[in-house]
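1. Requesting a structural model of the entry that follows:
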Amino acid sequence: MKIKPLADRVVIKPAPAEEKSKGGIILPDTAKEKPVIGEIVAVGPGKVSDEGKKVPMELKVGDKVLYGKYSGTEVTVDGEEYLIMREADIFAIV
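-> Next up, the predicted model:
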């Protein structure tokens, strides 16, 4: 991984979009929902509080997480798409 996030940011590899609906209908690219689950591939060292103390990250590499549909910044590295977002934008570990 060539991306090393800073502060309380994480790099997420989004899960692939669903190809079929629950009823078995094949979805065209325009109808696919953006994924909201992904796997963390890199984490920053943690943020520094107002008192100057480092607050450690609760997340670690390999965690599967749930995040907001339009959260983060999309980046492409070596042909792979990733999301970079703050730890606070992540809702849960699945």
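2. what's across from residue 74 in the sheet?
-> Legend: beta-bridge partners of residue 74 under DSSP bridges are residue 83.
3. The closest residue to residue 78 other than its chain neighbours - how many residues pack around it?
-> The spatial neighbour of residue 78 that comes closest, neighbours along the chain excluded (CB to CB, 6 or more residues apart in numbering), is residue 2 at 7.2 Å. (Glycine included, C-beta is placed from N, CA and C.) Here the count is done by other CB atoms under 10 Å, and residue 2 has 6 residues near it.
4. One more: residue 56?
-> Residue 56, neighbours per other CB under 10 Å, totals 9.
5. Looking at the nearest residue to it once chain neighbours are set aside now. What's its pLDDT?
-> Leaving aside its chain neighbours, residue 56 sits nearest to residue 46 (4.8 Å; criterion: CB to CB, 6+ apart). The model reports residue 46 with a pLDDT of 92.
6. Surely residue 46 is in contact with residue 58?
-> No. If you go by CB atoms under 8 Å, residue 46 and residue 58 don't touch, sitting 9.3 Å apart.
7. More neighbours: the two, which one.
-> Each of residue 46 and residue 58 has its neighbours counted (other CB under 10 Å); residue 46 has more, 15 against 12.
8. list the contacts for the more buried one?
-> If you count contacts by CB atoms under 8 Å, 6 or more residues apart in numbering, residue 46 has them with 7-8, 54-57.
9. Out of these, give me the two with the largest separation.
-> The most widely separated members of the contacts of residue 46 are 7 and 56, with 12.0 Å between them, by CB to CB.
10. Could you list the low-confidence segments of this protein?
-> For the chain, applying pLDDT under 70 flags the ranges 1, 18-22, 27-33.
11. Leaving out the residues flanking it, which one is nearest to the spatially most central residue of the chain?
-> The geometric centre of the chain, computed from its C-alpha atoms, lies nearest to residue 12 (CA atoms, centre = their mean), at 3.2 Å. With sequence-adjacent residues excluded and distances taken as CB to CB, 6+ apart, residue 12 is closest to residue 38, at 4.1 Å.
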